[in-house]
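Enquirer: Please find the sequence and the predicted model below.
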Amino acid sequence: MDNGLPQREPDAELPDRVTIYEVGPRDGLQNEKSVVPAAVKAEFVRRLAAAGLETIETTSFVPPTWVPQLADASEVLAELGQVGLGRRRPVLVPNERGLDRALEAGVGAVAIFGSATETFARKNLNRTVAESIEMFAPVVTRARDAGVWVRAYVSMCFGDPWEGPVPVEQVVDVGTRLMDLGADQLSLGDTIGVGTTGQVRRLLDAFSARGVGPERIAVHFHDTYGQALANTLTALRHGVTVVDASTGGLGGCPYAKSATGNLATEDLVWALDGAGVTTGVDLAQLVKTSVWMAEHLGRPSPSRVVRALTGGD
């Protein structure tokens, strides 16, 4: 480990290659109280790309009153130029107005953000689950008609701070309805980090039984109880090959106070490198980027791997 790399022992139960869907610039920064300048956000994306992360969710076209940190979405994309466009640079859009702004900016991929629970749907979108899906329908249709790739997020898949445990069939029902709209990929979110490995297996099996196989699914785990990496490896052993992660473990949710940081990209890369799984990510470069962003935020990175490799506390 003197060279900052794990010892490699290939794991035949894991896929040969995993795509990391980097959410740091959007989900990672959205809950920061001090505003990060657009130029810094753009440089963050450039550094992540230079580290080998191919898929990076850059920003969100939500109303500024919802998420003030991301009010500069157009400015960030203007700063990025071509680096911020294409099917590997998704942006979050909450509705048709958000889609209009995304298409005007020339993006090639968008994401919609639904909820498996009624309470969170109302807090996050001010709509019922059914009303939110109705709102997303024209967004997906118009995006697909414009040749734009579409991801659908489902939040609160494992537990909800207001409703408690979330029934598997409830999650599957919402997820399949979003995919039926025409989305290309479904990201299953453990928004408050309460999921366990058994729940992950059961949920993926239930989706497969409803015709949404692991090749169309991504997983998005928060690390509130330290289960994000274990849950991710369980999903990978069930055939999932796309994992959401946030550099430095940044993140949270402005509408769910118990949601802590995402799975740290560095921690994921370390584990996958050690298992002989290809990610295309340069871990040393990624750690440097994480330290750089932590300096801008004025606090150390919560990633265990970053701390271990940099001697942080």
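Expert: Received, thanks. Numbering: from 1, shown residues only.
Enquirer: which sections of the stretch 201-313 of the chain are below the confidence cut-off?
Expert: Applying pLDDT under 70 to the stretch 201-313 of the chain flags the ranges 252-260, 312-313.
Enquirer: Give me the longest helix you can find in the chain.
Expert: What stands out as the longest helix in the chain, according to DSSP state H, is helix 129-145.
Enquirer: The residue lying closest to Val67 once chain neighbours are set aside: how many residues sit nearby?
Expert: Spatial nearest neighbour of Val67, chain neighbours left out: Gln30 (5.1 Å); criterion: Cβ to Cβ, 6 or more residues apart in numbering. (Each C-beta comes from the backbone N, C-alpha and C, glycine too.) As a burial measure, Gln30 scores 22 neighbours (other Cβ atoms under 10 Å).
Enquirer: same deal with the one 4 residues further on?
Expert: Using other Cβ under 10 Å, Ser34 has 8 other residues around it.
Enquirer: sorry, back to before: where's the longest helix of the chain relative to the chain centroid, distance-wise?
Expert: Distance, stretch centre to chain centre, for helix 129-145: 20 Å (Cα atoms, centre = their mean, to the nearest Å).
Enquirer: List the buried residues of that helix.
Expert: Val129, Ser132, Ile133, Met135, Phe136, Ala137, Val139, Val140, Arg142, Ala143 (16 or more other Cβ atoms under 10 Å).
Enquirer: Next up, the contacts around the closest residue to the fifth one other than its chain neighbours.
Expert: Nearest-residue entry for Phe136: Ile112, 4.8 Å, with adjacent residues in sequence omitted and distances by Cβ to Cβ, 6+ apart. Shown in contact with Ile112 (Cβ atoms under 8 Å, 6 or more residues apart in numbering): Leu92, Val93, Pro94, Phe136, Val139, Val140, Val150, Arg151, Ala152, Tyr153, Leu178, Ala183.
Enquirer: okay if I get these as CSV plus pLDDT, distance to Pro37 and secondary structure?
Expert: What follows is the contacts of Ile112, written out as CSV (pLDDT from 0 to 100; distance: Cβ to Cβ, whole Å; DSSP: H, G, I helix; E, B strand; the rest coil):
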residue, pLDDT, distance to Pro37, secondary structure
Leu92, 98, 20, strand
Val93, 97, 23, coil
Pro94, 93, 23, coil
Phe136, 98, 31, helix
Val139, 98, 29, helix
Val140, 98, 32, helix
Val150, 98, 30, strand
Arg151, 98, 27, strand
Ala152, 98, 31, strand
Tyr153, 98, 26, strand
Leu178, 98, 34, helix
Ala183, 98, 32, coil
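Enquirer: okay, those in JSON lines with distance to Gly164 next?
Expert: As requested, these are exported to JSON lines (distance: Cβ to Cβ, whole Å):
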{"residue": "Leu92", "distance to Gly164": "27"}
{"residue": "Val93", "distance to Gly164": "30"}
{"residue": "Pro94", "distance to Gly164": "26"}
{"residue": "Phe136", "distance to Gly164": "26"}
{"residue": "Val139", "distance to Gly164": "30"}
{"residue": "Val140", "distance to Gly164": "30"}
{"residue": "Val150", "distance to Gly164": "31"}
{"residue": "Arg151", "distance to Gly164": "27"}
{"residue": "Ala152", "distance to Gly164": "24"}
{"residue": "Tyr153", "distance to Gly164": "21"}
{"residue": "Leu178", "distance to Gly164": "23"}
{"residue": "Ala183", "distance to Gly164": "27"}
